[in-house]
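>>> got a sequence here, can you model it:
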Amino acid sequence: MRFPVLLGAFLLLAGGLAAAERGVPAEPGALARALAGASPGDVLLLAPGDHPGPVIIDKPLVLTGQGARVVGHGVGTVIRIEADDVRIERLEITGSGRRLDELDSGIAIGKGRRRAEVIGNRIVGNLIGVDVQGGLDATVRGNTIIGRDDLRRPEMGPGIYVWNAPGLLVEGNDISRGRDGVFITTSSHATYRGNRFADLRFAFHSMYANDIEVAGNISRGNHMGFAFMYSNDVRASGNLSEGDTTHGFFMNFVNRAALDHNEVREGGEKCLFVYNSNRNTIRFNRLSGCEIGIHFTGGSMDNVVSDNAVEDNRTQVKYVGARWLEWSEKGRGNYWSDHVAFDIDGDGRADSPYRPNDAIDQVMWTQPMAKLLMGAPAMQLVRWSQSRFPGLLPGGVTDSAPLLTPAGAGLAGVSQ
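Next up is the predicted model:
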């Protein structure tokens, strides 16, 4: 019984001893020959210059090189990983095809391949930067991913495409010029942190992605910042949306999520949009400079909204619904920059509740043509009556304990 064990140990040791660093010259066919002749565990050091692709990596090894480019011929994927424990680092990868139906990519991690690492590369001019198509426990870290500039936005692919990739870590990447920075569909149990997004449709776009952490990411100048859809148990913390033109944060059919210490600056249409999303906690976020600070609709229920700072938005809250919503918890509400109130007892909370909307607002939102009647005495009388007798309101948002300062909200409350 001991002999097979000793033999296996010897073979494993021999395989480890056979691993070596092998130089690969920048000439046609050299990379393909090096991959074919490599042993498991080898380090292939690519010489500076262009190395023609596409190539398939079918054994565990490291592909690296300073000043080396792996260049596809404009069809298909440039580097395809079809083995466990492969690392690609410090390379430039370019020249994929342009077929979205084929998921043409700079780097593709194959289904079921474990522990692939894509670290510190420049992945430039590809339809999809990195395709994590069913890879397990993969790491995509510290890469610069720049999409193509010869396609219309609907024809572009994402910087990182994720499907069924539990255990994924996407960290510290710079992603620009594509359709979405990160696009996730049907993939759970992952971490996305410290990434930077620019010149994209959506910076971060997840669908059917449960139990994910999205932390410390920055979206600047995109069409939309962070979109979460059809997902449960999302944890979004310490993210920044700055200058995004439609939405900073978008929640559609999201349940049991926690949004805290995020910030929207110089926003566009809506800082935060919440549609048919339930049992979420929204705390310590700063939402500023948008047409609408918070848009709540679609039957969203049982959400906790407290300790947020909602500042300098043209409309602070747009709530379309007949239910009463209380936006405070345990005696702490939110800071509203347009709420003029006193704090006679000095407890840091306003002595009067904050009610951002009335019946006239709801009429305007559901019947836009009614704006023509805003100057009519009857409309002014209804608005005055409801301000004096809140019981006449047909339902809406109330913050019973509004805060006098925005202390602790937004990125200021996160350890940098």
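>>> for residue 265, see how far away the closest residue to residue 220 other than its chain neighbours is.
Distance criterion C-beta to C-beta, 6 or more residues apart in numbering; nearest residue to residue 220, sequence neighbours excluded, is residue 242 at 4.9 Å. (Glycine included, C-beta is placed from N, CA and C.) For residue 242, the distance to residue 265 equals 5 Å [C-beta to C-beta, to the nearest Å].
>>> these two: which is more packed in?
More crowded of residue 242 and residue 265, by other C-beta atoms under 10 Å: residue 265, with 20 against 17.
>>> contacting residues around that one?
240-243, 286, 288-289 (C-beta atoms under 8 Å, 6 or more residues apart in numbering).
>>> repeat that for 10 Å
220, 240-244, 248, 271, 286-290, 311, 410-411 (C-beta atoms under 10 Å, 6 or more residues apart in numbering).
>>> what ranges do the strands span in the stretch 251-400 of the chain?
Along the stretch 251-400 of the chain, counting by DSSP state E, counting those that start in this stretch, strands occupy 258-260, 263-265, 270-275, 281-283, 286-288, 292-297, 304-306, 309-311, 315-319, 324-326, 335-336, 396-398.
>>> show me what the shortest one is packed up against.
Packing contacts for strand 335-336, counted by 3 or more C-beta pairs under 10 Å, 6 or more residues apart in numbering; DSSP states H and E, involve strand 309-311.
>>> re earlier: now the strands of the stretch 251-400 of the chain in JSON lines, with distance to residue 212?
Shown next, in JSON lines, are those (distance: least, C-beta to C-beta, whole Å):
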{"stretch": "strand 258-260", "distance to residue 212": "11"}
{"stretch": "strand 263-265", "distance to residue 212": "20"}
{"stretch": "strand 270-275", "distance to residue 212": "18"}
{"stretch": "strand 281-283", "distance to residue 212": "16"}
{"stretch": "strand 286-288", "distance to residue 212": "22"}
{"stretch": "strand 292-297", "distance to residue 212": "23"}
{"stretch": "strand 304-306", "distance to residue 212": "20"}
{"stretch": "strand 309-311", "distance to residue 212": "25"}
{"stretch": "strand 315-319", "distance to residue 212": "28"}
{"stretch": "strand 324-326", "distance to residue 212": "27"}
{"stretch": "strand 335-336", "distance to residue 212": "29"}
{"stretch": "strand 396-398", "distance to residue 212": "29"}
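>>> of all those, which lies closest to residue 37?
strand 258-260 (50.8 Å; C-beta to C-beta).
>>> out of the contacts of residue 265, which one sits closest to residue 66?
residue 220 (29.5 Å).
>>> ok, what's across the strand from the closest one?
Here residue 220 sits in beta bridges with residue 198, residue 242, going by DSSP bridges.
>>> any idea how far residue 303 is from it?
Residue 220 is 28 Å from residue 303, by C-beta to C-beta.
>>> and if you look at residue 402?
From residue 402 to residue 303 the distance is 17 Å (C-beta to C-beta).
>>> between these two, which one's more packed in?
Neighbour comparison, residue 402 and residue 303: the larger count goes to residue 402, with 23 against 19 (by other C-beta under 10 Å).
>>> hmm, the more buried one is touching residue 331, no?
No. Assessed by C-beta atoms under 10 Å, residue 402 is found out of contact with residue 331, at 11.2 Å.
>>> anything in contact with each of those two?
Shared contacts of residue 402 and residue 331, defined by C-beta under 10 Å, 6+ apart, are found at residue 349.
>>> tell me the contacts of residue 285?
Counting by C-beta under 10 Å, 6+ apart, residue 285 has contacts 236-237, 239, 248-249, 259-264, 271-272, 294, 305, 307-310, 334, 409-411, 413.
>>> repeat that for 6 Å
Taking C-beta atoms under 6 Å, 6 or more residues apart in numbering, we find residue 285 in contact with 262, 308.
>>> pairing-wise in the sheet, spell out the partners of residue 185.
residue 163, residue 207.
>>> that one against residue 207, yeah?
Yes. Counting by C-beta atoms under 6 Å, residue 207 is a contact partner of residue 185 at 5.0 Å.
>>> quick check: the residue most central in space within the chain vs residue 324, distance?
With distances taken as C-alpha atoms, centre = their mean, the residue of the chain nearest its centroid is residue 204 (2.9 Å). When C-beta to C-beta is applied, the distance between residue 204 and residue 324 equals 33 Å.
>>> still on that earlier bit, what distance do you get for the residue nearest to residue 220 to residue 256?
Residue 242 is 28 Å from residue 256, by C-beta to C-beta.
>>> same check, this time on residue 317
From residue 317 over to residue 256 the distance is 23 Å, taken as C-beta to C-beta.
>>> more neighbours: which of those two?
Between residue 317 and residue 256, counted using other C-beta under 10 Å, residue 317 has the larger neighbour count: 25 against 17.
>>> can you check the pLDDT for the more buried one?
Looking at residue 317, its pLDDT stands at 92.
>>> hmm, it is touching residue 397, no?
Yes. Residue 317 is in contact with residue 397 according to C-beta under 6 Å; the separation is 5.5 Å.
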